[in-house]
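Enquirer: build the 3D model from these lines:
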Amino acid sequence: MSKSISIFDTTLRDGTQGEGISLSADDKLKIAKKLDDLGVHYIEGGIPGSNNKDIEFFKRVKELRLNAKITAFGSTRRKNSLAEQDENLQRMIDAGVPAVTLVGKSWDFHVHTALQTTLEENLAMIGDSISYLKSKGLEVIFDAEHFFDGYKHNPEYAAAVLAKAQEAGADWLTMCDTNGGTLPHEIQGIISAVALQVPGASLGIHTHNDCELAVANTLSAISAGVRQVQGTINGYGERCGNANLCSIIPTLQLKMGLHCIPEDALPNLTNTARYISEVANVNMPVNQPYVGTAAFAHKGGIHVSAILRDSRTYEHIAPEKVGNKQRVLVSELAGQSNVLSKAQDIGLSLDPSSEQARKVIDKIKDLEHQGYQFEGADASLELLLREATGEMNELFTFESFKMLVEKTAGRPVVSEAFVKLKVGGESLYTAAEGNGPVNALDNALRKALLAYFPQLKEMHLSDYKVRVLDEKDQTAAKVRVLIESKNYVNTWSTVGVSGNVIEASWEALVDSMRYALLGQISLESEITADREPRGLVNH
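Expert: Presented below is the predicted three-dimensional model:
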C-alpha cells in the first residue's frame, strides 16, 4: 500500500450531536481508548469549555497516553475582534492538545446571514485565528463549513477561503458537505478544481449522510486527491449522521489499496463498532455493512449451499478480515444446507439423508409458521437442534406457574409469581415479587434454581422485545417475545410465542436459562444434602 489516508474520528464531538446519543466523560474516555487501539490518527474530543463533560475529558485523556492526536474543536474569532482576546480560541489552547479543528464559513450566504458580516471580515477571521493558533505551536485542521454549497453558489469566494487558510498556515484544509446534499460526481469535480487553486495543500473531506451518500462522497473525494477522512464510528451524527468510518476504512484498505490503519488492527473493527454502540446505548442496524450481525448472514437455501462449497460465492470479502463472522440463518425459507451448517457450527452430527434431519427442518418451518423467528434467537434454535439430536440434558422440568397482579387505588401495581419446578427429582415451589410480571417470573425462577446452579448469578436479561403478530386481532393477537441475555463472556437470544404475553415471555425466559446451563451435567440422582452443584457451564 503506497498511499496513506489519515483517519480523523469525530465520534466524541460530531457523533454526540446525533439524536439519542449522550456520553459521559467516562464514556468518552473508554471510546477514545478503543479508537486508539483501532489505530485512527486523530480523535476529536469535543469543545473545550462548552460543558463539564468535555472539560473533564480533556483533563483526564492525557493520562491514557494515546498514540492518536487528541483534537479540540472550536470556531474562528468573533467578528471585529482580536484573536488574542477571543475566549473560544483561548479555551482551545488551554485544552493542552497537540491539534485543533477550527471551523470557518465558506458559503457567502452563511457569512451574510449567520455571521452578519462582510466577506472580507470573514476571511480576516479565518486568517487571524489560524495564525494565532499556529503561533502557539498547534497543528490546525481547518474545516471549511458548507464548502460544497458555497462553491456551487460562489466558487471564487469558497476557493478564497481555502487559500486564506493555507496562507495562514493551516496544516489541513477540510471541505465539509455540512448539509449532506451534494452528489458524488459534484464532489469529485469540485475537489479536482480546488486542488489546482490551492496547490500543495493537504486536503480533507467531511461529509454528512442526508442523501445516504456520505460514504460514497468520501470515496469520491479520495479519488480526487483528498488524503484525510473525517467521520464517525457507526455513522453517528446530527440529523442523518456523518460518514461511517466502519464502511470507509475497510473499503479504502481492502478495495482501493490505501493504507488507513495497521493491518493487524483491521480485524478489531467489528468489535470496536459494537463496543461503541454499547457504550452509546444505541442499537446497531443488523444490516450495517462490514460490521453488522447480518453483514455476512445467509438465509436462502441456494446461497447457503454455495457458501458451504466456497464462501466467495456470496461474500465480497472474508468476514474475518474485519473481525466479523459468517452466519447461516434458519427460517421458513431454510433448506437442508442451512440446518446442517448450523448444526455443524455447534458441533452436532446430523446426517443430511436421515429422517432426523427432515423432521428438524419440518419442525422449524412449522414453528416459524406459528410466529417463531429463529434468525434473531440463535440460542432457542440451538436448544431445538440439541433436543432433536438427543444432545440435550434437561436439568429442570417445568410444572406450573401462577401470576398475581394487584392494583390498589393510590398504590403501585404489585406483581408476584409462583413457580413449580422439578430439579433432579426434587419438587420445588417458590414465589417472588418483581417490577412487573416478567421480572417476577425471572426472580421466582432464579430463586428456585440458584441453589443448584449458582452460575446463573452471572447472567442477566439485557433486552426484552414484544411484537404483535396479528394486529387485526387487537388485544387477542398472538405476540412474539425476544429476550437477550448476557453473562461475563457471551450474549444470546431466545424466543417465545403465544396469544398470552406472559406465556410467551416465560418460554423465552426458560430457554435463556436452559442455554446458560448448557454443558452442566444432569443432577438426576446426584442431589446432595448441601446441594452442591456438579458441573460447569460450557457456554
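Enquirer: so what's residue 125 closest to, chain neighbours aside?
Expert: Using CB to CB, 6 or more residues apart in numbering and skipping the chain neighbours, the partner closest in space to residue 125 is residue 76 (4.3 Å). Where C-beta positions appear, they are placed from N, C-alpha and C, glycine not excepted.
Enquirer: I'd say that neighbour and residue 102 touch.
Expert: Yes. Between residue 76 and residue 102 a contact is recorded at 6.3 Å, counting by CB atoms under 8 Å.
Enquirer: between those two, what contacts are shared?
Expert: Common contacts of residue 76 and residue 102 (CB atoms under 8 Å, 6 or more residues apart in numbering): 126, 129.
Enquirer: return the strand or helix carrying residue 216 as CSV; C-alpha atoms alone will do.
Expert: Residue 216 is located in helix 214-223, with elements delineated by DSSP states H and E. The C-alpha trace of helix 214-223 is given here as CSV (Å, rounded to 0.1, in the frame of the first residue of the first chain):
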residue,chain,number,x,y,z
ALA,A,214,-21.7,10.3,2.9
VAL,A,215,-19.6,7.2,2.3
ALA,A,216,-19.9,7.5,-1.5
ASN,A,217,-19.0,11.2,-1.3
THR,A,218,-16.0,10.4,0.8
LEU,A,219,-14.7,7.8,-1.6
SER,A,220,-15.2,10.2,-4.5
ALA,A,221,-13.2,12.8,-2.6
ILE,A,222,-10.4,10.3,-2.1
SER,A,223,-10.4,9.5,-5.8
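Enquirer: in the helix or strand harbouring residue 382, what's buried?
Expert: Residue 382 belongs to helix 378-388 when assigned by DSSP H and E. By neighbour count on 16 or more other CB atoms under 10 Å, the buried set for helix 378-388 is 378, 379, 380, 381, 382, 383, 384, 385, 386, 388.
Enquirer: and the fourth one, how far is that from residue 292?
Expert: To residue 292, residue 381 is 19 Å away according to CB to CB, to the nearest Å.
Enquirer: what's the answer for the second one, then?
Expert: Summarising the geometry, the distance separating residue 379 from residue 292, computed by CB to CB, is 19 Å.
Enquirer: next, count neighbours for residue 108.
Expert: Using other CB atoms under 10 Å, residue 108 has 19 neighbouring residues.
Enquirer: distance-wise, check it relative to residue 292.
Expert: From residue 108 to residue 292 the distance is 41 Å (CB to CB).
Enquirer: picking that back up, and the least confident of the buried residues of helix 378-388?
Expert: Confidence by pLDDT is poorest for residue 388 among the buried residues of helix 378-388, given 78.
Enquirer: isn't it right next to residue 356, touching?
Expert: Yes. Using CB under 8 Å, residue 388 is in contact with residue 356, at 6.5 Å.
Enquirer: circling back: can you add distance to residue 491 and give the buried residues of helix 378-388 back as a markdown table?
Expert: As requested, the buried residues of helix 378-388 are exported to a markdown table (distance: CB to CB, whole Å):
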| residue | distance to residue 491 |
| --- | --- |
| 378 | 10 |
| 379 | 9 |
| 380 | 14 |
| 381 | 15 |
| 382 | 14 |
| 383 | 16 |
| 384 | 19 |
| 385 | 19 |
| 386 | 19 |
| 388 | 24 |
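Enquirer: how far off centre is the helix holding residue 216?
Expert: 22 Å (CA atoms, centre = their mean, to the nearest Å).
Enquirer: just stretch 350-360 next, same as before
Expert: Averaging C-alpha coordinates over stretch 350-360 and over its chain gives two centres that are 38 Å apart (CA atoms, centre = their mean).
Enquirer: quick check: residue 358 vs residue 374, distance?
Expert: Going from residue 358 to residue 374 by CB to CB gives 17 Å.
Enquirer: comparing the two, which residue is more hemmed in?
Expert: The neighbour count for residue 358 versus residue 374, taken as other CB under 10 Å, is higher for residue 374 (23 against 13).
Enquirer: pLDDT score for the more buried one?
Expert: With respect to pLDDT, residue 374 scores 75.
Enquirer: likewise for residue 440?
Expert: At residue 440, pLDDT is 93.
Enquirer: where's it, which helix or strand?
Expert: helix 437-449.
Enquirer: quick one: buried residues of that helix?
Expert: 437, 438, 439, 440, 441, 442, 443, 444, 445, 446, 448, 449.
Enquirer: partners of the helix or strand containing residue 494, with directions?
Expert: Assignment of secondary structure by DSSP H and E places residue 494 within strand 491-498. Strands that pair with strand 491-498, judged by DSSP bridges, come out as strand 479-486 (antiparallel).
Enquirer: other residues contacting the partner strand?
Expert: Counting by CB under 8 Å, 6+ apart, 371-373, 376-377, 379, 459-469, 491-499, 501, 504-505, 507-509, 511-512, 515-516 sit against strand 479-486.
Enquirer: 7 Å - rerun?
Expert: Residues from elsewhere that reach strand 479-486 (CB atoms under 7 Å, 6 or more residues apart in numbering): 371, 373, 376-377, 459-469, 491-498, 501, 504-505, 508-509, 512, 516.
Enquirer: likewise stretch 106-122?
Expert: Under CB under 7 Å, 6+ apart, the answer for stretch 106-122 is 79-80, 105, 144-147, 149-150, 153-154, 157-158, 161.
Enquirer: of all those, which comes closest to residue 197?
Expert: Using CB to CB, residue 158 is the member of the contacts of stretch 106-122 that sits closest to residue 197, with 9.5 Å.
Enquirer: and that closest one, what does it touch?
Expert: Contacts of residue 158 by CB under 7 Å, 6+ apart are 106, 147, 150, 151.
Enquirer: helix/strand/coil for it?
Expert: The three-state label given to residue 158 by DSSP: H, G, I helix; E, B strand; the rest coil is helix.
Enquirer: so how far is residue 372 from it?
Expert: To residue 372, residue 158 is 57 Å away according to CB to CB.
Enquirer: ditto for residue 230
Expert: Applying CB to CB to residue 230 and residue 372 gives a distance of 44 Å.
Enquirer: okay, the two: which has more neighbours?
Expert: residue 230 (28 against 21).
Enquirer: any idea what that one is bridged to?
Expert: According to DSSP bridges, beta-bridge pairing links residue 230 with residue 8, residue 206.
Enquirer: how close does it sit to residue 280?
Expert: Using CB to CB, which is the criterion applied here, residue 230 is 19 Å from residue 280.
Enquirer: who touches residue 99 in this structure?
Expert: Per CB under 7 Å, 6+ apart, neighbours of residue 99: 42, 69, 71, 138, 139, 141.
Enquirer: do that again at 6 Å, thanks
Expert: 69, 71, 139 (CB atoms under 6 Å, 6 or more residues apart in numbering).
Enquirer: likewise for residue 515?
Expert: 379, 492.
Enquirer: now do the SS call for residue 350.
Expert: Assignment for residue 350 (three-state DSSP): coil.
Enquirer: so it makes contact with residue 358?
Expert: No. Shown here, residue 350 and residue 358 do not form a contact pair, counting by CB atoms under 6 Å, at 10.6 Å.
Enquirer: flag every buried residue along stretch 451-469.
Expert: Buried residues in stretch 451-469, counted by 16+ other CB under 10 Å: 452, 453, 456, 459, 464.
Enquirer: typo on my end, stretch 91-108
Expert: Within stretch 91-108, the residues that count as buried by 16+ other CB under 10 Å are 91-93, 95, 97, 99-108.
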